[in-house]
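Asker: kindly generate the corresponding structure for this input.
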Amino acid sequence: MKRAAMAMAMALVLLAAACSEEEPISSVEGVAAAGEAVFVEYCSECHADDLMGNEDGPSLLEPEYMLPGFPDTEMLHHIRHGEIEPEGDYDPMPGFPNLGRQSIADVMAYVRAVQAATP
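Answerer: Now for the predicted structure:
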């Protein structure tokens, strides 16, 4: 009985650890056309509709926010958790932890598509 309880406790610890890890999402999983609407709703207030940024948030067309220096894993982290201490004079970025997986993939695809189309 004690062994069964110990095994159950260990299984729960392992399950909790697995669930706490951030599941990766790639921009290639998203649909850029759908991501535009998500971007406008959640991101454009600070990053502007054209991703050029404003006084509240940086331009996402700057090289530091583009591949390869700003991989999808980092973009995902910013979307989910925000940025507490942003560089420059910008306000902290809020996180969007309740935004669904597909919406995140779509907005990432949209940002990457606009970045790729920018000379």
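
Asker: where does the spatially most central residue of the chain sit: helix, strand or coil?
Answerer: Closest to where the C-alpha atoms of the chain average out (C-alpha atoms, centre = their mean) is Leu76, at 2.4 Å. When classified by DSSP: H, G, I helix; E, B strand; the rest coil, Leu76 comes out as helix.

Asker: the chain should start at 16 in everything you say after this.
Answerer: New numbering, starting at 16: the last item is Leu91.

Asker: might you report the residue contacts of it?
Answerer: Leu91 is in contact with Glu37, Pro39, Ile40, Ile119, Met123, counting by C-beta atoms under 8 Å, 6 or more residues apart in numbering. All C-beta atoms are positioned from the backbone trio N, CA, C, and that covers glycine.

Asker: buried subset of these, written for PyMOL?
Answerer: Selecting only the buried entries of those in PyMOL, with 16 or more other C-beta atoms under 10 Å as the criterion:
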select buried, resi 40+119+123
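
Asker: and the contacts of Leu91, which is closest to Met81?
Answerer: Using C-beta to C-beta, Met123 comes nearest to Met81 of the contacts of Leu91, at 12.4 Å.

Asker: just the C-alpha atoms of the strand or helix carrying that closest one, please, in CSV.
Answerer: For Met123, the enclosing helix or strand under DSSP states H and E is helix 116-132. Below are the C-alpha coordinates for helix 116-132, written out as CSV (Å, rounded to 0.1, in the frame of the first residue of the first chain):
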residue,chain,number,x,y,z
ARG,A,116,-2.4,27.9,-29.2
GLN,A,117,-3.7,28.5,-32.8
SER,A,118,-4.1,32.3,-32.2
ILE,A,119,-0.5,32.5,-31.0
ALA,A,120,0.7,30.5,-34.0
ASP,A,121,-1.4,32.7,-36.3
VAL,A,122,-0.1,36.0,-34.9
MET,A,123,3.5,34.7,-35.1
ALA,A,124,3.0,33.7,-38.7
TYR,A,125,1.6,37.1,-39.5
VAL,A,126,4.5,38.9,-37.9
ARG,A,127,7.0,36.7,-39.7
ALA,A,128,5.2,37.2,-43.0
VAL,A,129,5.3,41.0,-42.6
GLN,A,130,8.9,40.9,-41.6
ALA,A,131,9.8,38.7,-44.6
ALA,A,132,8.1,41.2,-46.9
